[in-house]
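what follows is a predicted structure for the sequence shown.
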Amino acid sequence: MELISRTDTKIPHIALVSSTLDLTFLKTAFEASGLNVRLSIYPEPGFKDADVAVAWNPPHGLLADMPNVKMVHSIAAGLDNIFADPKLPAVPVCRVVDSQHALGMAEYAIWSVLLFHREMDRHLQNAAHKRWERPGQKAAQDYTVGILGFGAIGRTVGRSLRALNYNVRGWARSPKEEAGIATYCGDAQLPDFLNGCDALICLLPLTDATRGILNADLFAHLPQGAAIINMGRGEHMVEADLLAAIDTGHLRGAVLDVFLKEPLPEESQLWTHPKIFATPHIASMPDPRDVAAQIFENATRVLAGQEPLNSGSRESGY
Ligand SMILES: NC(=O)C1=CN([C@@H]2O[C@H](COP(=O)(O)OP(=O)(O)OC[C@H]3O[C@@H](n4cnc5c(N)ncnc54)[C@H](OP(=O)(O)O)[C@@H]3O)[C@@H](O)[C@H]2O)C=CC1
Ligand SMILES: O=C(O)C(=O)CO
């Protein structure tokens with residue numbers, strides 16, 4: 001990212017707004033980075049006067065009640081929780097695009113793929129029962145990993161898996177090119193993309209078009225014994241369809257980082273199902289100092305009347 005610095009614009013007033021997360025860590029990051037901003041945390045007095053709202057699950061309608069706001073900025077990659085506000089003001093909505101964040105996602109994806117490809121799921125179960133079993137091995141080049149969502153993160157994940165010799169495919173809305181990776185686009189090519197995937201990783205944004213995409217119809221296009229890795233959003237998954245497909249043996253299992261309801265309720269079967277590995281939305285978190293730097297850059301841009309970087313589209317939902 002090309003960063004610009006200016007001395008001729010006013011000091012941005014940034015409000016940190018969330019209904020679900022304490023954003024004090026971000027205030028600390030701004031302060032530690034020495035960025036020249038005025039910060040308010042919702043609901044402390046004065047936050048409504050801010051130029052920029054930095055949001056994560058903002059209370060619906062609150063941002064519309066901030067008369068000076070010129071940009072809404074996410075603290076992360078996904079914009080779904082901001083676009084969900086029906087009264088979102090008509091200003092740019094920007095997200096974090098960060099190479100370290102993408103590499104963190106790649107680490108999680110590699111762990112998950114290895115779990116299934118090298119049958120560690122089976123060996124963990126065997127160890128629990130002191131069972132000595134030595135199945136044959138499949139080379140990485142013979143193991144196909146499909147990535148739903150071949151964007152900033154999907155591409156990094158794809159390259160990382162390719163570097164380990166996996167046979168990698170990517171699926172996006174628009175055509176893509178990537179050396180050594182077969183790419184597919186649009187709904188028409190989805191069945192061909194799915195056909196033959198041993199592991200399927202979801203790295204889609206949550207939009208009207210992708211909600212519920214991980215469902216029985218999609219699973220039916222995957223080969224017997226395929227595994228699902230959901231790192232996108234919980235709403236991508238139809239949980240009942242996943243459980244049914246695992247219980248009939250069509251799917252081998254799943255690694256899930258994101259859930260319909262977070263925190264995942266204690267009574268959820270997804271915590272205890274022997275073929276499902278649940279993690280608490282930790283696939284990756286961007287470094288707060290990098291997030292603060294990107295927000296500061298974009299705040300400086302909008303106050304100078306320039307286009308901010310990495311803005312999402314209301315029309316597409318991401
Ligand atoms: N679990 C976690 O800790 C984290 C989860 N995430 C999730 O990962 C998501 C992806 O992030 P990022 O890569 O930065 O996002 P990008 O916007 O860069 O990439 C999204 C990709 O999805 C594709 N896509 C979107 N809609 C469709 C559709 N209807 N059909 C086919 N392809 C589609 C896009 O296609 P095209 O390129 O053609 O536009 C693009 O390739 C985030 O939105 C978030 O939900 C992100 C970080 C951490
Ligand atoms: O970057 C994102 O969208 C996340 O979900 C981080 O946890």
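The structure has been received and is ready for your questions. Ligands and ions are numbered 1, 2, ... in the order given.

low-confidence bits of the stretch 1-150 of the chain, can you list those?
The model of the stretch 1-150 of the chain has pLDDT under 70 over residues 1-9.

get me the contact residues on it for ligand 2.
In this structure, the stretch 1-150 of the chain approaches ligand 2 at residues 76-78, judged by C-beta under 6 Å from any ligand atom. For every residue, glycine as well, the C-beta is placed using N, CA and C.

what about the helices in the protein?
24-32, 80-83, 99-117, 120-128, 152-163, 190-194, 216-221, 239-247, 269-272, 288-303 (DSSP state H).

tell me which residues are up against the fourth one.
Residues external to helix 120-128 that are found in contact with it (C-beta atoms under 8 Å, 6 or more residues apart in numbering): 114-115, 131-133, 135, 252-253, 274-275, 277.

widest-spaced pair of the residues you listed?
Across these, the longest distance by C-beta to C-beta is 22.9 Å; it joins Trp132 and Phe277.

tell me the pLDDT of the residue nearest in space to the middle of the chain.
For the chain, Gly232 is the residue whose C-alpha lies nearest the centre (C-alpha atoms, centre = their mean; 4.3 Å). With respect to pLDDT, Gly232 has a value of 98.

ok and the residue in the stretch 51-200 of the chain nearest ligand 1?
Gly151 (1.7 Å; C-beta to the nearest ligand atom).

residues touching that residue, list them.
Counting by C-beta under 8 Å, 6+ apart, Gly151 has contacts 172, 203, 205.

and of these, the nearest to Gly34?
The nearest one, if we look at the contacts of Gly151 relative to Gly34 and count by C-beta to C-beta, is Pro205, at 32.6 Å.

what is the neighbour count of the closest residue to the closest one other than its chain neighbours?
Nearest non-adjacent residue to Pro205, counting by C-beta to C-beta, 6 or more residues apart in numbering: Tyr318, 3.5 Å away. When neighbours are counted by other C-beta atoms under 10 Å, Tyr318 registers 21.

my read: Tyr318 touches Leu203, true?
No - with contact defined as C-beta atoms under 8 Å, Tyr318 does not reach Leu203; the gap is 11.5 Å.

anything in stretch 67-85 near ligand 1?
Yes - using C-beta under 6 Å from any ligand atom, stretch 67-85 reaches ligand 1 at 77-78.

so which residues on the stretch 151-300 of the chain come close to ligand 1?
151-154, 171-174, 203-207, 209-210, 231-233, 257-258, 281, 283-284.

picking that back up, quick one: contacts for the residue nearest to the centre of the chain?
Listed by C-beta under 8 Å, 6+ apart, the contact set of Gly232 reads 148-149, 202-206, 210, 258.

can you name the residues of the stretch 201-318 of the chain that neighbour ligand 2?
Counting by C-beta under 6 Å from any ligand atom, the stretch 201-318 of the chain sits next to ligand 2 at 281, 285.

excluding sequence neighbours, find me the nearest residue to whatever residue of the stretch 101-250 of the chain ends up closest to ligand 2.
Nearest residue of the stretch 101-250 of the chain to ligand 2 (C-beta to the nearest ligand atom) works out as His101 at 6.3 Å. Distances taken as C-beta to C-beta, 6+ apart put Pro286 closest to His101, at 4.0 Å, once the chain neighbours are dropped.

for Trp56, see how far away that neighbour is.
According to C-beta to C-beta, to the nearest Å, Pro286 and Trp56 sit 12 Å apart.

then Leu206?
14 Å.

neighbour-wise, which of the two wins?
Comparing Leu206 with Trp56 by other C-beta under 10 Å, the one with more neighbours is Leu206, at 22 against 18.

residues contacting the more buried one?
78, 80, 232-233, 235-236, 317-318.

which one of these is nearest to ligand 1?
Closest to ligand 1, out of all of those and judged by C-beta to the nearest ligand atom, is Gly78, at 3.4 Å.

state the distance from the closest one to Arg211.
Going from Gly78 to Arg211 by C-beta to C-beta gives 13 Å.

show me which of the two is the more surrounded one.
Higher neighbour count among Gly78 and Arg211: Gly78, with 21 against 16, using other C-beta under 10 Å.

was I right about the more buried one contacting Arg233?
Yes - shown here, Gly78 and Arg233 form a contact pair, counting by C-beta under 8 Å, at 6.7 Å.

tell me, what's touching the two both at once?
In contact with both Gly78 and Arg233: 205-206, using C-beta under 8 Å, 6+ apart.

how many residues are close by the closest residue to Asn167 other than its chain neighbours?
Nearest non-adjacent residue to Asn167, counting by C-beta to C-beta, 6+ apart: Thr144, 4.5 Å away. A count of neighbours around Thr144, defined by other C-beta under 10 Å, yields 18.

can you give me the distance of Thr144 to Leu190?
Counting by C-beta to C-beta - Thr144 and Leu190 are separated by 15 Å.

then Ser99?
Distance, Ser99 to Leu190, by C-beta to C-beta: 28 Å.

kindly report the same for Ile246.
21 Å.
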